[in-house]
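Asks: mind looking at a prediction? Sequence and model below.
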Amino acid sequence: MYCSNCGKEMLSGAEICTNCGFQARTGNKYCSNCGEPIQEGQAMCIRCGNSLVMVHGRQAGGKLGSVPKDQRVLCGILSLLLTLGIQNFILGETKQGILHILLVGISIFFMLFGDAAWIDWMYVLGQIIVFGNAIWSIIEGIRILTGTYTVKPNAWFNC
């Protein structure tokens, strides 16, 4: 691992560079994987293929668009257990997270209103939306845990 601010090699697992004092993967001058100098706006290291995209102020690392290893288990489990789209917010996919929350809200409205007003089709539609959202979350969780999920921050739906 290399400091993304000064380019010097760092100890494996180090959080702070002992040469310049920057936090690991917070700079934007060098690749954190191989130490190659990078240009502003560069999305991928030409030398090693490492992702240089900044997620939450840090170089994401890994291949471009992949889920960082330290977030893979957390996001995969959240996706399998909850259908609220929390994993999407963690990965920087805000649009997909909002879509998950909207689907849950709409389905709850349909099921509550449909049940209270004895409108069976609304209740059934609410259940169908909940089931579809759950299947979507389970597929995302499996893809995240197996490493086949690609992060797409600007997409409404990630197939």
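Replies: That came in fine, so what should we check first?
Asks: okay, now the domains of the chain?
Replies: 1-64, 69-146 (automatic domain parsing).
Asks: could you tell me the least trusted of those domains?
Replies: Here the lowest mean pLDDT among those goes to domain 1-64, at a mean of 77.
Asks: which residues of the protein fall in helices?
Replies: Counting by DSSP state H, the chain has helices at residues 69-81, 86-90, 94-116, 120-146.
Asks: for residue 114, grab the count of nearby residues.
Replies: Counted with other CB atoms under 10 Å, the neighbours of residue 114 add up to 18. All C-beta atoms are positioned from the backbone trio N, CA, C, and that covers glycine.
Asks: I'd say it and residue 128 touch.
Replies: No - using CB atoms under 8 Å, residue 114 makes no contact with residue 128, being 11.5 Å away.
Asks: just put the domains of the chain in JSON lines and tack on distance to residue 156.
Replies: Below are the domains of the chain laid out as JSON lines (distance: least, CB to CB, whole Å):
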{"stretch": "domain 1-64", "distance to residue 156": "19"}
{"stretch": "domain 69-146", "distance to residue 156": "5"}
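Asks: for these, which one sits closest to residue 152?
Replies: domain 69-146 (6.7 Å; CB to CB).
Asks: and that closest one, how far apart are its ends?
Replies: Its first and final residues considered, domain 69-146 spans 11 Å by CA to CA, to the nearest Å.
Asks: any idea how far residue 140 is from the residue positioned nearest the centre of the chain?
Replies: Centroid-nearest residue in the chain, with CA atoms, centre = their mean: residue 91, separated by 1.9 Å. Using CB to CB, to the nearest Å, we find residue 91 at a distance of 10 Å from residue 140.
Asks: just to revisit the earlier point, deepest in the core, which of the helices of the chain is it.
Replies: By mean neighbour count, with neighbours taken as mean count of other CB atoms under 10 Å, helix 86-90 ranks first of the helices of the chain at a mean of 21.
Asks: just checking, what packs against that helix?
Replies: On a contact count with 3 or more CB pairs under 8 Å, 6 or more residues apart in numbering; DSSP states H and E, helix 86-90 meets helix 69-81, helix 94-116, helix 120-146.
Asks: now these as a markdown table including distance to residue 21?
Replies: Formatted as a markdown table, the helices and strands packed on helix 86-90 follow (distance: least, CB to CB, whole Å):
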| stretch | distance to residue 21 |
| --- | --- |
| helix 69-81 | 22 |
| helix 94-116 | 32 |
| helix 120-146 | 34 |
